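In: Just to be clear, the model below is a prediction. Sequence and coordinates:
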Amino acid sequence: AQSVTQLDSQVPVFEEAPVELRCNYSSSVSVYLFWYVQYPNQGLQLLLKYLSGSTLVESINGFEAEFNKSQTSFHLRKPSVHISDTAEYFCAVVGSDKLIFGTGTRLQVFP
Amino acid sequence: KAGVTQTPRYLIKTRGQQVTLSCSPISGHRSVSWYQQTPGQGLQFLFEYFSETQRNKGNFPGRFSGRQFSNSRSEMNVSTLELGDSALYLCASSSQGATEAFFGQGTRLTVV
């Protein structure tokens, strides 16, 4: 069965510093991967996704993720974070026609 | 284009009662999925409806049920509520299955 692992439950970082949120998935023939963000008391917002093609995918707010088949990873990165990036981030994979989520990483950005 | 609308946003119920949550998908989307989010179990898939038929189901007891209407609006029902049912219930709508899911704001259910 498909699964994803987010190794870091919390990532504290200072504003304007770079950040990486790690995600590893169980291998499969076809992999569809996602990063969602959740702000307090809100639903999930799609940040970016990998379905096929270029292994580097970008979001409109400066985040990027790279699909690495050999390392079965889909880490999320941002070169310079802002206070407003404070949120919970979920990595997800499609398995059995449904989204399977990781346990989430709480990104806390300090001034 | 309006997003996914879930009502109500907050609910407080007593153990043993039942509750119905509603989800209106994005116009034109025929697939509606439901997820439960708790601090202990994280995000778990409940079920998916497509064109009024349950197409996929997660591993939840029969107290959790759902349905979809001809206008694609969906409801989920939880009977005989337990304290452990306290959670954020999220609805997602899609036109292309799980690869294109848009989530609502969720309904926060508290069972006391």
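Out: Now that the structure is in, tell me what you want to look at.

In: switch to C-alpha atoms for all contacts and neighbour counts from now on
Out: Noted.

In: So A:P40, which state does it fall into?
Out: With DSSP: H, G, I helix; E, B strand; the rest coil as the basis, A:P40 sits in coil.

In: pLDDT value on it, please?
Out: Confidence per residue is given as pLDDT, and for A:P40 that number is 89.

In: now it, nearest residue through space, not along the chain?
Out: Distances taken as Cα to Cα, 6 or more residues apart in numbering or on different chains put A:A87 closest to A:P40, at 7.1 Å, once the chain neighbours are dropped.

In: The one you found - how many residues pack around it?
Out: Taking other Cα atoms under 10 Å in any protein chain shown as the neighbour definition, A:A87 ends up with a count of 16.

In: what do you get for B:T99?
Out: Close neighbours of B:T99, defined as other Cα under 10 Å, add up to 19.

In: That one and chain A, how far apart?
Out: Counting by Cα to the nearest Cα, to the nearest Å, the separation of B:T99 from chain A is 7 Å.

In: all strands of the chain, in order?
Out: In the absence of a named chain, this looks at chain A. Using DSSP state E, the strands of chain A run over A:4-5, A:10-14, A:19-21, A:24-25, A:33-38, A:44-50, A:56-58, A:64-68, A:73-78, A:87-95, A:98-101, A:105-110.

In: That was the other one, I meant chain B.
Out: With DSSP E applied, chain B shows strands at B:5-7, B:10-13, B:19-24, B:31-38, B:42-50, B:53-57, B:64-68, B:74-78, B:87-94, B:102-103, B:107-111, listed in chain order.

In: want to try JSON lines for those, with mean pLDDT, mean neighbour count and distance to A:T105 as columns?
Out: JSON lines is the format used below for the strands of chain B (pLDDT from 0 to 100; neighbours: other Cα atoms under 10 Å in any protein chain shown; distance: least, Cα to Cα, whole Å):
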{"stretch": "strand B:5-7", "mean pLDDT": "97", "mean neighbour count": "20", "distance to A:T105": "25"}
{"stretch": "strand B:10-13", "mean pLDDT": "97", "mean neighbour count": "14", "distance to A:T105": "25"}
{"stretch": "strand B:19-24", "mean pLDDT": "98", "mean neighbour count": "20", "distance to A:T105": "27"}
{"stretch": "strand B:31-38", "mean pLDDT": "97", "mean neighbour count": "24", "distance to A:T105": "14"}
{"stretch": "strand B:42-50", "mean pLDDT": "96", "mean neighbour count": "22", "distance to A:T105": "11"}
{"stretch": "strand B:53-57", "mean pLDDT": "94", "mean neighbour count": "15", "distance to A:T105": "26"}
{"stretch": "strand B:64-68", "mean pLDDT": "97", "mean neighbour count": "20", "distance to A:T105": "28"}
{"stretch": "strand B:74-78", "mean pLDDT": "98", "mean neighbour count": "20", "distance to A:T105": "28"}
{"stretch": "strand B:87-94", "mean pLDDT": "96", "mean neighbour count": "27", "distance to A:T105": "17"}
{"stretch": "strand B:102-103", "mean pLDDT": "95", "mean neighbour count": "24", "distance to A:T105": "19"}
{"stretch": "strand B:107-111", "mean pLDDT": "98", "mean neighbour count": "21", "distance to A:T105": "21"}
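
In: And the residue of chain A found nearest chain B, how far from A:E66?
Out: Chain B sits closest to A:G43 of chain A, with a gap of 4.1 Å, by Cα to the nearest Cα. Noted for A:G43: a distance of 24 Å to A:E66, by Cα to Cα, to the nearest Å.
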